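**Student:** no sequence for this one, just the structure:
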Ligand SMILES: Nc1ncnc2c1ncn2[C@@H]1O[C@H](COP(=O)(O)OP(=O)(O)OP(=O)(O)O)[C@@H](O)[C@H]1O
C-alpha cells in the first residue's frame, strides 16, 4: 500500500525556522489533523507534502517515489483559498478543474454533485455571486469528482455552516473507510465518529 513518507523536513521563512527534523508517515486509511496556531507553518508543511514547494532540507516520497507523476494523479490538494475563478460558474470552474487534472466527469455528474452540496439553482451563475460558504462548497465538490488516494486539505471547513461541515465530514469518513489517506488543517476539531484521528502539532517558534 502506498504511503506518503516525509523525512527530516526543515523549513525556514524570512530567517524564521518554522519546523526542523520533522518526519511523518501518512498511511492508507489514516486521517491526520495538523494543528497549530496561526503562523506556525501548517500551510507551509502541507505545500511541501503536496510537492508544491521544497523543504530547506529533508525529503518527501510517495510509494517510495518522488512526488510527481503517479502521485499527482492520486492526490487532491485543496489550499485554504477556494481556488475558483470569480467570473466563471460553478459548473465551468469544476469542468476546468477536471480537465486540468485529467478527471473524467460528465456534466450530469457535476450537476448531481452540486445538488448533493445544496447548490441547486446556483450551478450556472458566476461564483462571485455566491456566498463564502457556497463558494467553499463548490471548491469542495472536487472531493466527490476525483478518485484519489491522498487528500491534503488546508482549512476545508472555512466559511461552512453546520450542515456543510456535516456533509464534508461524511465524505471524509467514506474516503478514509475506503483506504484513503488524508492530512487536514483545521482550527476546529474534526469530530468524525468511528474514524481514529492522529494529530501533528506545530508550535510557534520563538
Ligand atoms: N512565501 C513566503 N514568504 C515569506 N514568508 C512566508 C511565506 N509563506 C509563509 N510565510 C511565513 O511563514 C509563517 C508560516 O506561514 P503558514 O501559512 O505556513 O502558517 P499557518 O500555520 O498555515 O498559519 P494559519 O493558521 O494562519 O493559516 C508565517 O509567519 C508566514 O508569514
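**Tutor:** Looks like it came in fine. Keep in mind the model is a prediction, meaning the values are calculated, not measured.

**Student:** which residues does the nearest residue to residue 145 once chain neighbours are set aside contact?
**Tutor:** Spatial nearest neighbour of residue 145, excluding adjacent residues (Cβ to Cβ, 6 or more residues apart in numbering): residue 105 at 4.9 Å. Quick note: C-beta positions are derived from backbone N, CA and C, even for glycine. Applying Cβ atoms under 8 Å, 6 or more residues apart in numbering to residue 105 gives the contacts 94, 95, 98, 113, 145.

**Student:** mind putting the residues you listed in JSON lines, pLDDT, distance to residue 157 and neighbour count included?
**Tutor:** What follows is these, written out as JSON lines (pLDDT from 0 to 100; distance: Cβ to Cβ, whole Å; neighbours: other Cβ atoms under 10 Å):
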{"residue": "94", "pLDDT": "98", "distance to residue 157": "20", "neighbour count": "27"}
{"residue": "95", "pLDDT": "98", "distance to residue 157": "25", "neighbour count": "16"}
{"residue": "98", "pLDDT": "97", "distance to residue 157": "23", "neighbour count": "18"}
{"residue": "113", "pLDDT": "98", "distance to residue 157": "18", "neighbour count": "22"}
{"residue": "145", "pLDDT": "98", "distance to residue 157": "19", "neighbour count": "18"}
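
**Student:** if we can go back for a sec, please tell me how far the residue nearest to residue 145 sits from residue 81.
**Tutor:** As judged by Cβ to Cβ, to the nearest Å, residue 105 and residue 81 stand 22 Å apart.

**Student:** Could you pick out the residues of this protein near the ligand for me?
**Tutor:** Proximity of the chain to the ligand (Cβ under 6 Å from any ligand atom) is limited to residues 13, 14, 18, 36, 38, 39, 40, 41, 42, 43, 44.
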